[in-house]
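*Asks:* starting from these lines, generate the structure:
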Amino acid sequence: MDGDLYINERLSIPMAEFEFTASRSGGPGGQNVQKTSSRVTLRWNILRSPVLNELVRARLLRKLANRLVGEGEIILHVDSERSQLRNKMIALERLQEILERALIVEKKRVKTKPHPGAKAKRLNEKKQRGDVKKQRRQDIGD
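*Replies:* Model (predicted):
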């Protein structure tokens, strides 16, 4: 668990920035569930992280706005496993996935127009279709 959480080739976050707390899991379970603290809560503050530059920090705050609590803090709760260590690893994996997705820069859409040949073909097909319908009307009138 020592070292850094690798996000991408330009960003890795030191483990010292994360705050882990353990608590008792809720829900059904055996007698052991009342005695063990296997639920893990991971806290990380985006605003106070020294490894983020301002551009990355602004992108994370914008993209993760609905997940942030308080002053730029992201909180993850994991209680899917019986092992506290495994829940801690799952929390780090989830955070890594969330940050990877948030840091993807979408390509800006370039507006395009149909080329003149495509426009002419479309108009020609419309004209032909209209002619077919016009011929049907004339046949009924006779």
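*Asks:* which residue is nearest the centroid of this structure?
*Replies:* Centroid-nearest residue in the chain, with C-alpha atoms, centre = their mean: R101, separated by 4.5 Å.
*Asks:* and that residue, which of the three is it?
*Replies:* Secondary structure assignment for R101 (DSSP: H, G, I helix; E, B strand; the rest coil): helix.
*Asks:* so who does it touch?
*Replies:* Shown in contact with R101 (C-beta atoms under 8 Å, 6 or more residues apart in numbering): no residues. In this view, the C-beta of every residue, glycine as well, is placed from N, C-alpha and C.
*Asks:* pLDDT at it, what is it?
*Replies:* At R101, the model reports a pLDDT of 92.
*Asks:* do me a favour and get the end-to-end distance for stretch 3-22?
*Replies:* 21 Å (C-alpha to C-alpha, to the nearest Å).
*Asks:* begin at 845 from here
*Replies:* Yes, from this point I'll number from 845; that puts the last item at stretch 847-866.
*Asks:* residues contacting that stretch, please?
*Replies:* Residues outside stretch 847-866 that contact it (C-beta under 8 Å, 6+ apart): 845-846, 881-889, 893, 895-896, 900, 928, 932, 935-936, 939-940, 943-944, 947.
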